[in-house]
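In: Take this sequence and fold it.
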Amino acid sequence: MTPDSIPTFKVQFGKIARTLEYTDDGGRLMFTFEVSSEEPGAPLFLEHWAKATPRDSRYAAAFQRTREFLESRGYVVEIWGE
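Out: As a prediction, the model looks like this:
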């Protein structure tokens, strides 16, 4: 991969409760999550968009990078939906 072909993106916790913002050159995608318990090690559920919601070509990579963002911060991530 050359430096020009490396995708630039940012994942951060959103300003709205239980949201994550994924931003890249194509714009912003929002994901939601739910915490099952406040117990240490309890999973965090990262939620897929509803099947009826259109997903653009960036969706799969954005979702995976968002999951990796959470895991890199020590969260146990489980996926909700398809």
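In: where do the strands sit along the chain?
Out: Counting by DSSP state E, one finds strands in the chain at the ranges 9-13, 19-24, 27-35, 44-47, 77-80.
In: Pull up the gap between the most centrally placed residue in the chain and Glu39, please.
Out: The centre of the chain sits closest to Thr66, judged by CA atoms, centre = their mean, with a distance of 2.8 Å. Computed with CB to CB, to the nearest Å, the distance linking Thr66 and Glu39 is 23 Å. No exception for glycine: its C-beta is placed from N, CA and C like everyone else's.
In: try Gly14
Out: From Gly14 to Glu39 the distance is 24 Å (CB to CB).
In: hang on, isn't the residue nearest to the centre of the chain packed against Leu46?
Out: Yes - between Thr66 and Leu46 there is a contact at 6.7 Å, judged by CB atoms under 8 Å.
In: Name the residues contacting each of these two.
Out: By CB atoms under 8 Å, 6 or more residues apart in numbering, Thr66 and Leu46 have these common neighbours: Leu20, Phe31.
In: how much space between Ile79 and Thr8?
Out: Between Ile79 and Thr8 the distance is 25 Å, computed by CB to CB.
In: can you check Ala17 too?
Out: Computed as CB to CB, the Ala17 to Thr8 distance reads 27 Å.
In: can you check Pro54 too?
Out: Note on Pro54: its distance to Thr8, by CB to CB, is 24 Å.
In: any weak-confidence spans in this protein?
Out: For the chain, the stretches with pLDDT under 70 are 1-6.
In: Skipping adjacent residues, who's closest to Leu44 in space?
Out: Nearest residue to Leu44, sequence neighbours excluded (CB to CB, 6 or more residues apart in numbering): Tyr75, at 4.6 Å.
In: wouldn't the one you found be in contact with Phe45 here?
Out: No - Tyr75 lies out of contact with Phe45 (CB under 8 Å); the separation is 10.2 Å.
In: sorry, back to before: between the strands of the chain, which gets nearest to Leu70?
Out: Closest approach to Leu70 among those (CB to CB): strand 77-80, 5.0 Å.
In: buried set for the closest one?
Out: With burial defined by 16 or more other CB atoms under 10 Å, the residues of strand 77-80 counted as buried are Val77.
In: Okay then, goodbye and thanks.
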